[in-house]
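J.: Next come a sequence and a model predicted from it.
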Amino acid sequence: KSLLILLLCTLCVYTILAHEKYEKQMKWGTYRPQVIMGIKTRSEKAIIGGLMWQNYERINPNELRHRSGMDDQLQYRWMKHDGRNFGEQIIEDKLNNLKMTAHFVKHSEGEEWTLRLKGEALRSNEPTKLLSMLWYTGIESVEDGDKVELANMNHARIKRKGGMKNVLLKGSSKENGNFDLQLRLNKCSASREFDSYQFSVKRIPQAEHVYQAEHVYKNEMFQDYQEVQRLQRAKEEQRTVSSTRSIRKPIATLHNTAVSNGNLAIVQRIIKAPFELDIILTKASQHPEKVVRKNYSQKQVTTQIQKQVELYDKLFSERFPGFASKENVPTEFIQFAMSNMLANMGYFYGRAKHINPI
């Protein structure tokens, strides 16, 4: 009898530990099928991240790339995704002559991850375009202590230089723990006048609306655009008018404003293909830059991606030997179909509406 009790207790402990390990490993993922590229935690008060971009020289709200949908000028697909640690996505933006490859890799038992965005010309015989690339991070919570802030913000330097040379976001979350997020531009073809990051950190009073980062960006951009249009019309009509707004130059950049208790941070960089941008999330530390230099250098991230690609192909051939051993079997298409099913499994808590304004 005592032996049976001991076995049952051991089984219970093993089950609990296995569950905790699984939950830890599955904490982060591409659980946002409503956007083209999005990452979030599998939790009630989730930490979310997402990518947005558009032509820097054209101000058109309908051309902002963010939400998933039907568009003849935009195609995106997951070529590889294991549902747990790794994913490879191809994005083809015909309007902006951009082909972007995204590699998502998790590390440290799922608690840290890197996202590499590599851009090149979709049509090599045409020039690439200047792009406004934005990454946002938010916490779906308004509780005290849950916040995202710019750790290396110096208002005097930002005002003098017009932006930030590097970006370090520090996040605090009671449910998900504290984290550091860094953006590192490894390569870019844009001129030196665009060698800084712009930002906006805001407090969204309704936690379930944090995901609407694109509306924050559009509001900042188009309010100034409307004011510029008003002043231009007055000039053409030879009227003298005064402006109550301080218009930033160029228009399509964020205002470089931040609140101390924000739950949404948007970071912007003007880039041009070919480019390579790394977004790196790590557990909070006193010296996050040293952690990245030690564990996630440009070369290390490249090696980690290559290993994951090789591992994915190896496991696929082992687990689906019938496809791998036959000739003329479209293995790439089978991987594509399975990967998109796994990558587009979302995680939602509570009630939410997907707003698609006409």
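T.: Now that the structure is in, tell me what you want to look at.

J.: next helix or strand past the helix or strand bottoming out on mean pLDDT in the chain?
T.: Taking mean pLDDT, DSSP states H and E as the measure, the chain has helix 155-161 as its least confident helix or strand, at a mean of 45. Next helix or strand after helix 155-161 toward the C-terminus (DSSP states H and E): strand 167-172.

J.: Show me what that next one packs onto, helices and strands only.
T.: On a contact count with 3 or more CB pairs under 8 Å, 6 or more residues apart in numbering; DSSP states H and E, strand 167-172 meets strand 130-139, strand 147-150, strand 179-187, strand 264-272, helix 288-295. C-beta coordinates here come from the backbone N, C-alpha and C atoms, glycine included.

J.: quick one: contacts of the last one?
T.: Okay, so that is helix 288-295. Helix 288-295 is contacted by residues 107, 151, 168, 170, 180, 182, 184, 280, 282, 285 when judged by CB atoms under 8 Å, 6 or more residues apart in numbering.

J.: I'd assumed residue 284 was in contact with the fifth one.
T.: It refers to residue 180. Yes: applying CB atoms under 8 Å as the test, residue 180 and residue 284 come out as touching, 5.5 Å apart.

J.: where do the contact lists of those two overlap?
T.: 170, 171.

J.: So those two - more neighbours on which side?
T.: Using other CB atoms under 10 Å, the more surrounded residue of residue 180 and residue 284 is residue 180, with 21 against 13.

J.: re earlier: from the contacts of helix 288-295, pick the one nearest residue 319.
T.: residue 107 (23.2 Å; CB to CB).

J.: Is the closest one bridged to anything, and to what?
T.: Residue 107 has these beta-bridge partners by DSSP bridges: residue 112.

J.: can you pull the pLDDT of it?
T.: Residue 107 is assigned a pLDDT of 92 by the prediction.

J.: In the stretch 251-358 of the chain, where is pLDDT below threshold?
T.: Low-confidence segments of the stretch 251-358 of the chain, defined by pLDDT under 70: 251-252, 323-329, 351-358.

J.: show me where it has helices.
T.: 288-295, 298-319, 321-324, 331-343 (DSSP state H, counting those that start in this stretch).

J.: same for the last one, what does it pack against?
T.: The criterion is 3+ CB pairs under 8 Å, 6+ apart, and the helices and strands that helix 331-343 contacts are strand 74-81, strand 86-93, helix 321-324.

J.: Tell me which residue lies nearest the centroid of this protein.
T.: Of all residues in the chain, the one closest to the mean position by CA atoms, centre = their mean is residue 50, 3.4 Å from it.

J.: for the closest residue to that one other than its chain neighbours, what are its contacts?
T.: Leaving out its chain neighbours, the residue that sits closest to residue 50 by CB to CB, 6 or more residues apart in numbering is residue 38, at 4.3 Å. Neighbour list for residue 38: 30, 31, 32, 48, 49, 50, 51 [criterion: CB under 8 Å, 6+ apart].

J.: And the pLDDT for residue 38?
T.: 96.

J.: Which residue, neighbours along the chain excluded, lies closest to residue 25?
T.: Nearest non-adjacent residue to residue 25, counting by CB to CB, 6+ apart: residue 110, 3.9 Å away.

J.: Just give the number of residues close to the one you found.
T.: By other CB under 10 Å, the residues close to residue 110 number 18.

J.: Can you give me every residue that contacts it?
T.: So residue 110 contacts 24, 25, 26, 27, 28, 84, 85 (CB under 8 Å, 6+ apart).

J.: For residue 176, see how far away the first one is.
T.: Taken as CB to CB, to the nearest Å, the spacing of residue 24 relative to residue 176 amounts to 11 Å.

J.: Of these two, which one has the most company?
T.: residue 176 (22 against 13).

J.: Dump the helices and strands packed on strand 167-172 into TSV; add distance to residue 220 as well.
T.: As requested, the helices and strands packed on strand 167-172 are exported to TSV (distance: least, CB to CB, whole Å):
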stretch	distance to residue 220
strand 130-139	11
strand 147-150	16
strand 179-187	19
strand 264-272	9
helix 288-295	27
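
J.: wait, doesn't residue 197 sit right on residue 168?
T.: No: in this structure, residue 197 is not within contact of residue 168 by CB under 8 Å, at 10.5 Å.

J.: neighbour-wise, which of these two wins?
T.: Taking neighbours as other CB under 10 Å, residue 197 and residue 168 compare with residue 197 leading, 23 against 17.

J.: Distance-wise, check residue 41 relative to residue 220.
T.: Distance of residue 41 to residue 220, computed by CB to CB: 27 Å.

J.: quick one on the thing from earlier: helix/strand/coil for the residue nearest to the centre of the chain?
T.: When classified by DSSP: H, G, I helix; E, B strand; the rest coil, residue 50 comes out as strand.

J.: Tell me the spacing between it and residue 31.
T.: With CB to CB as the criterion, residue 50 and residue 31 are 11 Å apart.

J.: overlap in contacts of these two?
T.: By CB under 8 Å, 6+ apart, the residues touching both residue 50 and residue 31 are 38, 39.
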